[in-house]
Structures are given as C-alpha cells and as structure tokens.
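Trainee: missing the sequence, but the structure's below:
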DNA sequence: CCGCATCCAACAGGATACTG
DNA sequence: CAGTATCCTGTTGGATGCGG
C-alpha cells in the first residue's frame, strides 16, 4: 500500500539528482565540449584545461552511467577512447544551455546584488 | 591590455557560478517553495522537511546575497522574518523549472541507463 | 522565533606515482 | 594514451547548544 504522495518524494529525488549532476564542477563543461562532436580523452582534457585526470575520468564515468555519453574503446596501441553524446545527452543540453544563457544575460544583475549586499556588511 | 578571450573565462565563471548555486542541495527546493509567495523562516523549514536550521539559513543568505530573495524583518516579539522572491528570483525560476521538468520527463531513461551500466559491472 | 557558533563526519577534488 | 591507486586538503552539511 504505497502512500499517494510517494511520487512526490520520488520526483524530488529525480530533480535534485539531475540538478546535482548539472551543478558539479565539470559536468556541464564536458557535455558542452562534446556537443561539438565526439572527442578523445586527452582532447577533452586539453580543450577544457584545468581539469585533473581523475576528475575527467570520474565525470565521464558518471555521465556514461546515466546514459548521457557513450564510451568507445579502440583496441589499438596506443589505446584510443572516444566519448560521444547520446541522444539523451543532446536533449539534456537544451535546458542546460537555456539556464546557461540565462546566467550570461543576468550575471550583471547578480554581481550588482552581491556588491550591494557585501557593501552593507563589511565596513 | 585585456586579452580578447577575457570574456570567455568570465562567461564560464558566470555560468558555473549559477549552475553551482542551482546544483547545491537545497537552493532549488527553497526557491520553488517561495515561488508560491512569501514565507516565514519556519514555514519554509516545515514545508521543506529534512533541512537543518543551519543549511536553511546558509541557503537563504546566499540567495539574498545574489539578489534572488528579499529578507524582511518585523521587529516584533517574537521576531518574524519573511522571505520572498525578487523579480530576478522569479525569472531564474523559469529556466530552472524547465530543467526540472526535463528531469521528471526523462528520469526513467536515466534510471534505465544506470541499471544497464551497473548490471554490466557487478557480476 | 530566528539564527549564530561550534564541533564533527563525509565527501569532493587536486597532486602524484604507477600500470597495460 | 588512458586510465587506476593513493594520499591529502578544503568544503559541505548535520547535530547541538546558546543568545537576542
């Protein structure tokens, strides 16, 4: 006998799940780089700049697990691994970019608010 | 002599700034509750459920600093504090809810991908 | 009622060194 | 080249107690 509000808590889980993935330090950057087409591990590493090997691996594993990117290994020597957005990943990019665009358009207002807030505190 | 790419790094800062705020544990929940109108501190605390006093305070301060909510103190005894979305806050809600809706619509696909991924690893 | 201060556990994330 | 393993740090967030 499932409570009728079950879907509510579940929905919250779903939403904050996605939001936290989007909010972590590198995911959005990686996904948007992959938006231009498939890239190899080190191509990603270089075009991003500042990301550690560990975090790139971790981020990509998470994205792969959630079905946002595919990982293709070419068994050559030296090895070569391509990462590419799935359909799901490209669809995610739409609302995420909308949010990004909003951020760009309104960052000045946010910065102004911060300056105002900090001014009323420090001195 | 500012480098011509300056705005690029700045843009990144702006975007990841907003994304991290949105991605933290409670911000979106708080903002969406406030979407229905102003609420007092403990009203928020109760309708959310599971948030600690400390985190609610921290979250609200951050939102206030960034200009997303206003904080109104009524100097009564006992004190009463109302929080309300600003115009900026309400505008933020638009792309954020779009992302939330996307999450709800696609959570099944994500869960399926996770199940597939985990199945191919454990045994 | 509102919120700050403190302590503490858990985790995110960076640097480095080592493998196939 | 593309990882895995290890260590170490800062930050996040929960619990509790005090104060206006």
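Mentor: Structure's in. What do you need? Bear in mind the structure is a predicted one, so any value in this text is a computation, not a measurement.

Trainee: remind me which residues of chain A are low pLDDT?
Mentor: A:1-6, A:8, A:121-123 (pLDDT under 70).

Trainee: Mind doing that once more with 50?
Mentor: Filtered on pLDDT under 50, chain A yields the residue ranges A:1-4.

Trainee: Can you show me the strands along it?
Mentor: For chain A, the strands defined by DSSP state E occupy A:39-40, A:69-74, A:80-85.

Trainee: is DNA strand D contacted by the last one?
Mentor: Which is strand A:80-85. Yes. Strand A:80-85 comes into contact with DNA strand D (Cβ under 7 Å from any atom of the strand), by way of A:80-81. Quick note: C-beta positions are derived from backbone N, CA and C, even for glycine.

Trainee: In a markdown table, list the strands of chain A along with mean neighbour count.
Mentor: As requested, the strands of chain A are arranged in a markdown table below (neighbours: other Cβ atoms under 10 Å in any protein chain shown):
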| stretch | mean neighbour count |
| --- | --- |
| strand A:39-40 | 18 |
| strand A:69-74 | 14 |
| strand A:80-85 | 17 |
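
Trainee: does the helix ranked longest in chain A come close to DNA strand C?
Mentor: Counting by DSSP state H, the longest helix found in chain A is helix A:87-119. No. On the criterion Cβ under 7 Å from any atom of the strand, helix A:87-119 is out of touch with DNA strand C, staying 12.8 Å away.

Trainee: just to revisit the earlier point, show me the one of the strands of chain A that comes nearest residue B:46.
Mentor: strand A:69-74 (40.2 Å; Cβ to Cβ).

Trainee: Counting by contacts, list what the closest one packs against.
Mentor: The helices and strands touching strand A:69-74, judged by 3 or more Cβ pairs under 8 Å, 6 or more residues apart in numbering or on different chains; DSSP states H and E, are helix A:53-65, strand A:80-85.
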